[in-house]
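> Structure for the following, please:
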Amino acid sequence: MAARTPSQTPGPTPGRTPGAAPAPAAGRPAPRGAGGALDRYFRITERGSTVATEIRGGLVTFFTMSYIIVLNPLIIGTVASSGGEGAFLGGGDAPDLPAVAAATALVAGLMSILMGVVGRFPLALAAGLGLNAVVTYSVAFLPGMTWPDAMGIVVLEGLIILVLVLTGFREAVFRAVPAELKVAISVGIGLFIAFIGLVDSGFVRIPASLATPVELGIGGSLGSWPLLVFVVGLLLAVVLVARGVKGAILIAIVAATVLALVVEAVGRIGPRTDGTTVNPEGWALNVPALPDSLVQAPDFSLLGQFSLFGSVEKIGVVAVVLLVFTLLLADFFDTMGTMVAIGGEAGLLDEEGNPPRTRQILVVDSLAAVAGGAGGVSSNTSYVESAAGVGDGARTGLASVTTGIAFLLATFLSPLVDVVPFEAATPALVVVGFLMVMQVSGIDWKNLEVAVPAFLTIVLMPFAYSITVGMGAGVISFVVLKVALGKARAVHPLMWVVALLFAAYFLLGPIRAWAGI
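This next block holds a predicted model:
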């Protein structure tokens, strides 16, 4: 989901996982006088860590997930909404990537610090990969929708998750959707993200002849320098991830960007289009070039650009409810899995597989979704890349505070975003998509009752270019199959409601025509 990169495996066995550093049981009092107030507040000594280890682990987490500062602007900042005369995020008629990057880093920094201080857990947060794709291609793309409307839906989703957490209703929601359908949603989003990366880079594109929906490169060939940059970046990312190198995705982006700068400086390739002429061999979005200044005061103009209920007037209550539910599923379930996965890696889970301060962790994660929408950068969520810091020794919230401070410092480096072309950044989307697709083994493909809905969910997300369509097809087919097999009572009541909402969503056109809307 997710999307951050969602957890690739089911929740770990309660207790310390193999290879994790030993940590005293949650709740055991810290030794008297050990390390002072900071040590006692974060329980650093109690969990078998040190201040230096926590700071190092927090920095490792930052470098592992800081690619989001580059990728989030390239996803949400380069697509004009359908409404508002096709304005880009921020209201302009052209992308403002530095502003999106600055706001992305700001919200990630503040929410990671909040997680460290309130949740006291080594879990960092930032704009969710997968979730930002939902907002961009399934929300802002809808007829009449503007970016403030889309961000308002993100805020609504975050508020609903917060209510679910505070009321304890999350268990009921978690039980409503079958586990294998949840897996299919993450896998489908992974394929969708990978497809977006392949298309945005130009590795696959619509052929001039229109003989097929897409083709490889230019006329079935990879005959351009920008495509070479993409291929090199992808292969490097794959190799580094396979070797377990910390910060593999960021390293690949930086290396591909350096190559792109050299290629452009030597070849003077130019953009794929300048508004009048088209050069198929050009750069897809921005032409790589060093900025006049690497540091500048951050532009936080995106903050507060959301309309809480503006979407209701544009697309109707039913569509808004469905979109909120789509974001809720993609966000809420991945968060639960990520939280347990990080706790298991750190050896912080109790006998029932729950990390300490579970409710506080979930409250901060819910507030992060709200903050992401209010900040104009899409829903923020917990990152499983935090496992990199945990693997380096982090065991407490001090690591998250360190990651957050690093993000805040990064707000001053937003001009660097304009340097990175699509061809250098999109390999990360393909790799993240792969990591999400790895979960496909969690589906029982011999059980057609879940396999068929899972299949429809997975394939329709990229094929229909809509995450909502994939989820709707999966939910409806699941309910229909259960009814057809005489197992209607096995369907959770909430699934009936969701299936009816998705059916109404698919038939929105005929319904509006019938109602004269």
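> doesn't Leu191 make contact with Leu429?
No. At 11.1 Å, Leu429 and Leu191 do not qualify as touching, with contact defined as Cβ atoms under 8 Å. Where you see a C-beta, it was placed from the backbone N, CA and C, and this is true even at glycine.
> neighbour-wise, which of these two wins?
For Leu429 against Leu191, the residue with the higher neighbour count under other Cβ atoms under 10 Å is Leu429, and the figures read 30 against 20.
> so what pLDDT did that one get?
The model reports Leu429 with a pLDDT of 79.
> how near is it to Val139?
Note on Leu429: its distance to Val139, by Cβ to Cβ, to the nearest Å, is 19 Å.
> Repeat that for Leu416.
The separation that Leu416 has from Val139, given Cβ to Cβ, amounts to 28 Å.
> And for Ala124?
Following Cβ to Cβ, the distance that separates Ala124 from Val139 is 25 Å.
> Compare these two and say which is more crowded by neighbours.
For Ala124 and Val139, the more surrounded residue by other Cβ under 10 Å is Ala124, and the numbers stand at 35 against 29.
> can you pull the contacts of that one?
Residues in contact with Ala124, defined by Cβ atoms under 8 Å, 6 or more residues apart in numbering, are 58, 61-62, 65, 108, 112, 115, 382-383, 385-386, 389, 399-400, 403-404.
> switch the cut-off to 7 Å
Under the criterion of Cβ atoms under 7 Å, 6 or more residues apart in numbering, the contact partners of Ala124 comprise Thr61, Met65, Ser112, Met115, Tyr383, Ser386, Ser400, Thr403.
> So which of those residues wins on neighbours?
The member of the contacts of Ala124 that has the most neighbours, counting by other Cβ under 10 Å, is Thr403 with 37 neighbours.
> what residue ranges in the stretch 251-400 of the chain score low on pLDDT?
Low-confidence segments of the stretch 251-400 of the chain, defined by pLDDT under 70, are located at 275, 329-330, 332-333, 337, 352-353.
> Break down it into its helices, ranges please.
The residue ranges that make up the helices of the stretch 251-400 of the chain, judged by DSSP state H, counting those that start in this stretch, are 310-315, 317-346, 358-374, 386-391, 397-410.
> thought Asp283 was touching Thr273?
Quick fix: residue 283 reads Trp, not Asp. No. Using Cβ atoms under 7 Å, Trp283 is not in contact with Thr273; the gap is 9.9 Å.
> Settle it for me: which of those two has more neighbours?
Each of Trp283 and Thr273 had its neighbours counted (other Cβ under 10 Å), and the higher figure belongs to Trp283 (25 against 13).
> buried stuff in stretch 137-156?
Residues of stretch 137-156 classed as buried: 137-142, 145-156 (neighbour count, 16 or more other Cβ atoms under 10 Å).
> Against Ser379, how distant is Val155?
The gap separating Val155 from Ser379 is 9 Å, by Cβ to Cβ.
> Name the residues contacting each of these two.
A shared contact of Val155 and Ser379, defined by Cβ under 7 Å, 6+ apart, is any residue touching both; here these are Gly373.
> Run through the residues that contact the residue nearest to Val401 when sequence neighbours are not counted.
Distances taken as Cβ to Cβ, 6 or more residues apart in numbering put Gly116 closest to Val401, at 3.7 Å, once the chain neighbours are dropped. Residues in contact with Gly116, defined by Cβ under 7 Å, 6+ apart, are Gly397, Leu398, Ser400, Val401, Gly404.
> Just give me the closest of those residues to Ala260.
Gly404 (30.2 Å; Cβ to Cβ).
> Give the full set of residues in contact with the closest one.
Remark: with contacts taken as Cβ under 7 Å, 6+ apart, Gly404 is in contact with Gly109, Leu110, Ser112, Ile113, Gly116.
> From the residues you listed, which land in helices?
Among the contacts of Gly404, the subset assigned to helices under DSSP state H consists of Gly109, Leu110, Ser112, Ile113.
> and the first one, how many neighbours?
A count of neighbours around Gly109, defined by other Cβ under 10 Å, yields 24.
> and the gap between the nearest residue to Pro213 once chain neighbours are set aside and Pro280?
The spatial neighbour of Pro213 that comes closest, neighbours along the chain excluded (Cβ to Cβ, 6+ apart), is Ile206 at 7.1 Å. Between Ile206 and Pro280 the distance is 11 Å, computed by Cβ to Cβ.
> Name the residue in those two with the higher neighbour count.
Counting neighbours by other Cβ under 10 Å for Ile206 and for Pro280 shows that Pro280 has the greater number, 15 against 11.
> Run a quick neighbour tally on the residue lying closest to the more buried one once chain neighbours are set aside.
The shortest distance from Pro280 to any residue that is not its chain neighbour, by Cβ to Cβ, 6+ apart, is 5.0 Å, and that residue is Ile218. Ile218 has 16 neighbours, counted by other Cβ under 10 Å.
> for Ile218, which residues make a bridge with it?
With DSSP bridges applied, Ile218 shows beta-bridge pairing to Ser221.
> what's the distance between the nearest residue to Gly376 once chain neighbours are set aside and Arg489?
Ranked by Cβ to Cβ, 6+ apart and with sequence neighbours excluded, the top spatial neighbour of Gly376 is Leu302, at 3.4 Å. Counting by Cβ to Cβ, the gap between Leu302 and Arg489 amounts to 48 Å.
> Comparing the two, which residue is more hemmed in?
The residue with more neighbours, out of Leu302 and Arg489, is Leu302; 25 against 6, by other Cβ under 10 Å.
> Please name the residues that touch that one.
Taking Cβ under 7 Å, 6+ apart as the contact definition, Leu302 lies against Leu89, Gly90, Ala99, Val100, Ala103, Gly375, Gly376, Val377.
> can you tell me the helix or strand for the fourth one?
Assigning secondary structure by DSSP states H and E places Val100 in helix 97-114.
> and that helix, average pLDDT?
For helix 97-114, mean pLDDT is 95.
> For that helix, give me every contacting residue.
Contacts of helix 97-114 with the rest of the structure, by Cβ under 7 Å, 6+ apart, involve 68-69, 72-73, 76-77, 89-90, 124-127, 298-303, 364, 368, 371-372, 375-377, 380, 400-401, 403-405, 407-408, 410-411, 414-415, 417-418.
> Ramachandran angles for the most centrally placed residue in the chain?
With distances taken as Cα atoms, centre = their mean, the residue of the chain nearest its centroid is Leu129 (1.9 Å). Geometry field for Leu129 lists phi and psi as phi -70, psi 130, criterion degrees, to the nearest 10.
> my guess is it meets Ile193, correct?
Yes. With the criterion set as Cβ under 7 Å, Leu129 and Ile193 qualify as a contacting pair; they are 6.5 Å apart.
> got any residues that touch both of the two?
Taking Cβ under 7 Å, 6+ apart as the contact rule, the neighbours common to Leu129 and Ile193 are Val432.
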